[in-house]
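Asks: Okay, sequence plus prediction incoming.
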Amino acid sequence: MSGGADKKLDFNGVLRGATKVYSEDQKKHALKLYDQHKSATKVVQCLGYPTRQALYSWIAARDYPPKIKASRKKWNNKPEHPIHPPVELKLATIHRCFELGENVQ
């Protein structure tokens, strides 16, 4: 059983690796200040939050929305051309190619 005493704290007494949650109003206010000053450092100094890395991620999320991935192509797994053919078909193909000299492409 582990208690809170074994957790690692940084120099400000904050848990390392812990993430802070900011309201949408706080994010909007920080982004508005960033648009005015064009300096992440000035925004952090003025507001006292967020970290520069968090502010840069908010800017990226606002300015560069996530790309919509193209739909994946469905596999053509028809009986006449299966993705994983049975062993018999593979052996028959090898026989035709190497013993009968047929070009099987």
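Replies: Sure, I can see it.
Asks: do you know how far the residue nearest to the spatial centre of the chain is from D35?
Replies: For the chain, the residue nearest the mean C-alpha position is P66 (9.9 Å; Cα atoms, centre = their mean). Using Cβ to Cβ, to the nearest Å, P66 is found at 21 Å from D35. Every residue, glycine included, has its C-beta placed from N, CA and C.
Asks: cool, T51 as well?
Replies: Distance, T51 to D35, by Cβ to Cβ: 18 Å.
Asks: Also I68?
Replies: In this view, I68 and D35 are 26 Å apart by Cβ to Cβ.
Asks: Alpha carbons of the helix of greatest length in the chain, as PDB, please.
Replies: Assignment by DSSP state H gives helix 24-37 as the longest helix of the chain. Once non-C-alpha atoms are left out, helix 24-37 reads as follows in PDB (Å, rounded to 0.1, in the frame of the first residue of the first chain):
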ATOM      1  CA  GLU A  24     -11.900  27.300 -21.600                       C
ATOM      2  CA  ASP A  25     -12.100  31.000 -20.400                       C
ATOM      3  CA  GLN A  26      -8.500  30.700 -19.100                       C
ATOM      4  CA  LYS A  27      -7.300  29.300 -22.400                       C
ATOM      5  CA  LYS A  28      -9.200  32.000 -24.400                       C
ATOM      6  CA  HIS A  29      -7.700  34.700 -22.200                       C
ATOM      7  CA  ALA A  30      -4.200  33.400 -22.600                       C
ATOM      8  CA  LEU A  31      -4.600  33.000 -26.400                       C
ATOM      9  CA  LYS A  32      -6.000  36.600 -26.600                       C
ATOM     10  CA  LEU A  33      -2.900  37.900 -24.800                       C
ATOM     11  CA  TYR A  34      -0.600  35.900 -27.000                       C
ATOM     12  CA  ASP A  35      -2.300  37.400 -30.100                       C
ATOM     13  CA  GLN A  36      -1.700  40.900 -28.700                       C
ATOM     14  CA  HIS A  37       1.900  40.400 -27.500                       C
END
